[in-house]
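>>> Structure for the following, please:
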Amino acid sequence: MTWLDEAALARPLEADVSVACESLVLADGCQTLLLRHRPPGAATGPPVLYVHGIQSHPGWFVGSAQALARAGHEVFQVTRRGSGPARTGRGDAASSGQLLDDVESAVRYVLDQTKAERLSLLGVSWGGKLLAAYALTARSAMASLTLVAPGIVPRVDVSVRTKLAIAAARVCCPGRLFDIPLNDVALFTDNPVMRAYLRGDPHRLHRASARFLVASAVLDRAIARAPAGSLPVPTTLILARRDRIIDNAATRAEMDRLSGGACEVLELNAAHTIEFEPDVRPFYDSLCKAVAGGREDPDA
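Down below sits the predicted model:
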């Protein structure tokens, strides 16, 4: 696994934020890539663990990671096992438990590296679903949880026929790969520049194993079956008004249920990957305030 090359970065890295590539060893010995962004001055807020979506990787979100660093947070963008520049085990994970253990490994790494007592969790799209599931059972070290267009209630899914094939493959050939139903770049953004970036991204993940997709479904069930009010950590939900991937109304209702009505909800006029809007400043401002525990009216 290597450093993310220039073609994989959605936005150029700026000189005022120090960025380093580090290796994170997961519980089973697997190594994955981690991008660490340090603020220009002393850190003034909790460190942030930033988790990407199912097809994406940290390169999509370096702009917002740097914005958070400028706001005083040390930001750690972890690459999910089998994604990004990984050449082995692409699109694979053994189980939902392994995915949650990977989050725990990343949390421990961030706390050990920064000597902080708590950290903020930030998840985008499928990564938001993973962090929501994690937060339901492990919240002692969390200062806040921010979910951006999280994949908790998606509009886009595989067909029933494909689901049956996945279930069968999970038993007889769990490593068999299936297409992720998000290959149309128009689902992510209306921005022609970013659509071109996605088409040329060498690290975008297009297929996932049967057992990974089953693990994802297990996370869905864990969230759906969690008792009302079981997510007491301060939580912010950021939704994209023109989202074609996520069911915003159902996602808002589910997060309201899980948080006992305490979830702060922001809705921005954007497509699914808000990071890719031509004017990204409203998103950066909302994200920084959410991670810091502030509130914002995006239409003000």
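>>> where's the closest residue to V153 other than its chain neighbours, which helix or strand?
Across the structure, with CB to CB, 6 or more residues apart in numbering as the measure, the residue nearest V153 apart from its sequence neighbours is A250 (3.9 Å). C-beta here means a position set from N, CA and C on the backbone, and glycine is covered the same way. Using DSSP states H and E, the element containing A250 is helix 248-258.
>>> Pull out the buried positions in the next helix or strand after that helix.
Past helix 248-258, further along toward the C-terminus, the next helix or strand under DSSP H and E is strand 264-268. Across strand 264-268, burial judged by 16 or more other CB atoms under 10 Å covers 264, 266-268.
>>> Could you do stretch 83-103 as well?
Judged by neighbour count using 16+ other CB under 10 Å, the buried positions of stretch 83-103 are 83-86, 90-94, 96, 98-103.
>>> now stretch 219-230
Under 16+ other CB under 10 Å, the buried positions of stretch 219-230 are 219-220, 222-223, 226, 230.
>>> Name the surrounding residues that touch it.
The contact list for stretch 219-230, computed with CB atoms under 8 Å, 6 or more residues apart in numbering, reads 96, 99, 129-130, 132-133, 136, 152, 254, 257-260.
>>> which among those residues end up buried?
In the contacts of stretch 219-230, burial by neighbour count holds for 96, 99, 129-130, 132-133, 136, 152, 254, 257-259, counting by 16+ other CB under 10 Å.
>>> Export the buried residues of stretch 219-230 to JSON lines and append columns for pLDDT, secondary structure and distance to L119.
Conversion of the buried residues of stretch 219-230 to JSON lines gives the following (pLDDT from 0 to 100; DSSP: H, G, I helix; E, B strand; the rest coil; distance: CB to CB, whole Å):
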{"residue": "L219", "pLDDT": "97", "secondary structure": "helix", "distance to L119": "21"}
{"residue": "D220", "pLDDT": "97", "secondary structure": "helix", "distance to L119": "25"}
{"residue": "A222", "pLDDT": "97", "secondary structure": "helix", "distance to L119": "22"}
{"residue": "I223", "pLDDT": "97", "secondary structure": "helix", "distance to L119": "21"}
{"residue": "A226", "pLDDT": "97", "secondary structure": "coil", "distance to L119": "22"}
{"residue": "S230", "pLDDT": "94", "secondary structure": "coil", "distance to L119": "20"}
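>>> Most widely separated two among those residues?
D220 and S230 (15.6 Å; CB to CB).
>>> What's the biggest helix in the protein, counting residues?
Assignment by DSSP state H gives helix 96-114 as the longest helix of the chain.
>>> Would you mind pulling up the elements that it packs against?
Packed against helix 96-114, as judged by 3 or more CB pairs under 8 Å, 6 or more residues apart in numbering; DSSP states H and E, are the following elements: strand 18-25, strand 31-38, strand 48-51, strand 75-78, strand 119-124, helix 126-135, helix 210-225.
>>> can you rerun that using 6 Å?
Judged by 3 or more CB pairs under 6 Å, 6 or more residues apart in numbering; DSSP states H and E, helix 96-114 is in contact with helix 210-225.
>>> Let me know the angle separating the helix it packs on from helix 248-258.
For the pair helix 210-225 and helix 248-258, the angle between their directions (axes from the mean of the first three to the mean of the last three CA atoms, to 10 degrees) equals 60 degrees.
>>> Just after the helix-or-strand element of the chain with minimal mean pLDDT, pick out the following helix or strand.
The weakest-scoring helix or strand in the chain, judged by mean pLDDT, DSSP states H and E, is helix 160-172 (a mean of 89). On the C-terminal side of helix 160-172, the closest following helix or strand by DSSP H and E is strand 177-179.
>>> which is the next helix or strand following that next one?
Read in the C-terminal direction, the helix or strand following strand 177-179 is helix 192-200, with elements assigned using DSSP H and E.
>>> Same question for that next one: list its buried residues.
Taking 16+ other CB under 10 Å as the basis for neighbour counts, the residues of helix 192-200 that come out buried are 194-195, 197-198.
>>> Pull the residues that contact it.
Counting by CB atoms under 6 Å, 6 or more residues apart in numbering, helix 192-200 makes contact with 10, 185, 276, all of which sit outside it.
>>> try stretch 148-160
The contact list for stretch 148-160, computed with CB under 6 Å, 6+ apart, reads 124-126, 128-129, 181, 238, 240, 243, 245-247, 250-251, 254, 272.
>>> Work out the gap between stretch 115-129 and the centre of the chain.
Once both centres are worked out by CA atoms, centre = their mean, to the nearest Å, stretch 115-129 turns out to sit 8 Å from its chain's centre.
>>> Can you give me the buried ones in it?
Neighbour-count burial for stretch 115-129 flags 116, 119-129 (criterion: 16+ other CB under 10 Å).
>>> For P282, state which of the buried residues of helix 192-200 is nearest.
M194 (16.0 Å).
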